[in-house]
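Asker: mind looking at a prediction? Sequence and model below.
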Amino acid sequence: MVVYPNAKINLGLYVLNVRSDGLHNLETVFFPVPLRDTLEIRPLRMSNAPWELVLAGRRVEGEPKDNLIVRVFTSLQEEFHLPPTSLYLDKKIPTGAGLGGGSSDAAFMMMMLNEAFDLNLSKNEMKRRLSAIGADCAFFIDNKPAFATGTGSELSPLPAVSLKDKWLVLVKPPCSVSTRDAYADVACRQESPVDLREILQKPVGQWRGVVTNDFEHSVFPRYPLIGVIKDTLYDMHALYASMSGSGSAVFGIFDHQPYSDLGAVFKDCFVFQSRLI
């Protein structure tokens, strides 16, 4: 069985007060975008191992046992006695980018296993399990625009937020931003300056300067190239541009497909563009 986990971007992101568990409350809107990995499960034969992880595409750091798709699989294998399985991941979504690629892989793995092995887990049950693995994993179960609060796992649907027929350009520089760096100098708010649920229903051209990402204030001074990328997207006449999540990817939303040679403009960067539907 094969599935295609997609990325997300953040439309606005406000860092609020520190919780009793040491994490921060956030307010943001998750929006799915059509940059996708490929994820496949196959029977594992000619091996005594309970599972194997086969990686292709972009480099994935860390031990196989710590990969989120492996964590999802092993948790369900132990509980439901799943057979030995080969887990194949062709990585297209950049890591350390604020695009939720690992979280999406985890969610799609759980949905795929649920279907392949008739586990009969409800959507709410899968979301509950995924929230223990990563704060934004649960978003990818419904995979529709959502207002996220708490650590990002408390979700409310936002069907009125649409980017239909707009063009998306994603740019990921060679650097990655650690969560520690992103939070290092960020100023916490008592409340968000705008209601994202309301402002994001207005035309995209009205978002600039109003819909903001608090992490930009701490990340841009440490990684000036990320700020340059955002400015360049506006120079290319983006309606709106922002860093996604805690970085380092930056996206621009356009009325029409940019005709520039994006590879030449953003040298040494990962670049993706697509029309949104």
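Answerer: Perfect, thanks for sending it.
Asker: what is the burial count for the closest residue to Thr38 other than its chain neighbours?
Answerer: Distances taken as C-beta to C-beta, 6 or more residues apart in numbering place Asp90 nearest to Thr38, at 4.0 Å, with adjacent residues excluded. C-beta coordinates here come from the backbone N, C-alpha and C atoms, glycine included. Neighbour count for Asp90, taken as other C-beta atoms under 10 Å: 16.
Asker: I'd assumed Asp90 was in a helix, is it?
Answerer: No - assignment of Asp90 by DSSP: H, G, I helix; E, B strand; the rest coil gives strand, placing it outside any helix.
Asker: quick one, what contacts it?
Answerer: For Asp90, the contacting residues are 37-39, 56-57, by C-beta atoms under 8 Å, 6 or more residues apart in numbering.
Asker: which among these count as buried?
Answerer: 37-39 (16 or more other C-beta atoms under 10 Å).
Asker: how about Thr28, phi and psi?
Answerer: For Thr28, the backbone dihedrals (degrees, to the nearest 10) come out as phi -160, psi 170.
Asker: the closest residue to it other than its chain neighbours in helix, strand or coil?
Answerer: Leaving aside its sequence neighbours, Thr28 sits nearest to Leu13 (C-beta to C-beta, 6+ apart; 4.2 Å). At Leu13 the chain is in strand, as set by three-state DSSP.
Asker: roughly how far does the closest residue to Gly98 other than its chain neighbours sit from Val18?
Answerer: Distances taken as C-beta to C-beta, 6+ apart place Gly245 nearest to Gly98, at 2.7 Å, with adjacent residues excluded. As judged by C-beta to C-beta, to the nearest Å, Gly245 and Val18 stand 19 Å apart.
Asker: these two - which one has more neighbours?
Answerer: Gly245 (25 against 11).
Asker: was I right about the more buried one contacting Leu11?
Answerer: No - counting by C-beta atoms under 8 Å, Leu11 is not a contact partner of Gly245; they are 11.0 Å apart.
Asker: okay, the helix or strand where Asp105 lies in PDB with CA atoms only?
Answerer: For Asp105, the element it lies in under DSSP states H and E is helix 101-116. Once non-C-alpha atoms are left out, helix 101-116 reads as follows in PDB (Å, rounded to 0.1, in the frame of the first residue of the first chain):
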ATOM      1  CA  GLY A 101       7.000  16.600   7.000                       C
ATOM      2  CA  GLY A 102       7.800  14.200   9.800                       C
ATOM      3  CA  SER A 103       4.400  14.800  11.400                       C
ATOM      4  CA  SER A 104       2.600  14.100   8.100                       C
ATOM      5  CA  ASP A 105       4.600  10.900   7.600                       C
ATOM      6  CA  ALA A 106       3.500   9.800  11.100                       C
ATOM      7  CA  ALA A 107      -0.100  10.500  10.500                       C
ATOM      8  CA  PHE A 108      -0.200   8.900   7.100                       C
ATOM      9  CA  MET A 109       1.500   5.800   8.400                       C
ATOM     10  CA  MET A 110      -1.100   5.500  11.100                       C
ATOM     11  CA  MET A 111      -4.000   5.900   8.600                       C
ATOM     12  CA  MET A 112      -2.400   3.400   6.200                       C
ATOM     13  CA  LEU A 113      -1.800   0.800   8.900                       C
ATOM     14  CA  ASN A 114      -5.400   1.300  10.200                       C
ATOM     15  CA  GLU A 115      -6.700   0.600   6.700                       C
ATOM     16  CA  ALA A 116      -4.300  -2.200   5.700                       C
END
